[in-house]
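Novice: fold the stuff below for me.
(2 chains)
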Amino acid sequence: MATLDELTTEATAEIEAAKPLYKQVNNERLEFTDDDYAQAITDLANSKWQEQEFGYIQARQEAYGSIADQLDMMYWDNVNGTTTWKDHIAQVKSDNPKPV
Amino acid sequence: MAGSLIKIDEEIVSSAVASVTLGGTDWDSSYDVYMVRINNVLPATDTVNFRLRFTVSGSADDSSNYDRAFKNLRGDTTFGNTSSTNADHINIGGLGTTGQEMSNAILYLFNFNNASEYSFCTLEATTRNDQSHLRGFQGGAVLTVAQATDGVNFSMDSGNIDSGTFVLYGLKK
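Specialist: A predicted model of the protein is given here:
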């Protein structure tokens, strides 16, 4: 797990490599100011932090089957004595682990 | 009524930029309500989040004071809810670079000229996300600072906006 300082260093290197960056204002394409570059680094570092810490939540939400599909799995598990639903949930969780 | 939407600013991105600002020095403070239309916004980098901030004196307000709540209407599975508090931006959905993973949206802006009230927006968007799944977003957001704001700023959380059209209108009183 990277610290926020380490992610800021990573973000700084990425922004430096991406220079020049531009903004579009008043129908003009202008290069970023020093303040804009500083903000871009902060934003990118924070974004990386959010993804590292909480990205698994959105990934799991995307991967879970619909409620209707999950209810169907549960019904057939009950009828047949299978573990399809439990396996599905476990697979999504293991594919998208919570950071420790 | 004809002529009720008055165009204030338009930004058409044809060469990639990291951010787009509507308003700022173009802002016309004579309206109570504003409408923003965004069309065919494509990111330059795959699997990114499209983000929105309000501007103060033309600069994006990056304070951690944005709250948002959206209904997430999903074409591929059960509808969900998306919300956050005290964020430094408003996340308006994931986008990608394959299969027209683009965003189209209408926003309404409220209280932007009132220094003693919070600035609010509603958002209605239709996008294809970075998994090429249809998403419809319906909801609202607020910047919980009593201050006047004078525009909106769009960016991706990583990389550039590759193309798109951004238009700001005032709603005639």
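
Novice: which ones are touching B:Asp130?
Specialist: B:Asp46, B:Thr47, B:Val48, B:Gly94, B:Leu95, B:Gly96, B:Glu101 (Cβ atoms under 8 Å, 6 or more residues apart in numbering or on different chains). All C-beta spots, glycine's among them, are computed from the backbone N, C-alpha and C.

Novice: could I get those residues as TSV with neighbour count and pLDDT?
Specialist: Below are those laid out as TSV (neighbours: other Cβ atoms under 10 Å in any protein chain shown; pLDDT from 0 to 100):
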residue	neighbour count	pLDDT
B:Asp46	13	93
B:Thr47	18	90
B:Val48	23	92
B:Gly94	22	89
B:Leu95	25	92
B:Gly96	20	92
B:Glu101	23	92
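
Novice: restrict those residues to those near chain A?
Specialist: B:Gly94 (Cβ under 8 Å from any Cβ of the partner chain).

Novice: pull out the buried positions in the helix or strand of chain A with the lowest mean pLDDT.
Specialist: Least confident helix or strand of chain A, by mean pLDDT, DSSP states H and E, is helix A:34-63 with a mean of 92. By 16 or more other Cβ atoms under 10 Å in any protein chain shown, the buried positions in helix A:34-63 come out as A:36-37, A:39-51, A:56, A:58, A:60-63.

Novice: show me which residues of chain A are close to chain B?
Specialist: Neighbours of chain B within chain A, by Cβ under 8 Å from any Cβ: A:18, A:21-27, A:29, A:32, A:36, A:39-40, A:42-44, A:46-47, A:58, A:61-62, A:64-69.

Novice: show me what the least confident helix or strand of chain A is packed against.
Specialist: Packing contacts for helix A:34-63, counted by 3 or more Cβ pairs under 8 Å, 6 or more residues apart in numbering or on different chains; DSSP states H and E, involve helix A:4-18, helix A:84-95.

Novice: can we see that at 6 Å?
Specialist: helix A:4-18 (3 or more Cβ pairs under 6 Å, 6 or more residues apart in numbering or on different chains; DSSP states H and E).

Novice: whichever helix or strand comes after the helix it packs on pairs with which strands?
Specialist: Sequence order places strand A:22-25 as the next helix or strand after helix A:4-18, per DSSP states H and E. Take DSSP bridges as the rule and strand A:22-25 pairs in its sheet with strand A:28-31 (antiparallel), strand B:19-23 (parallel).
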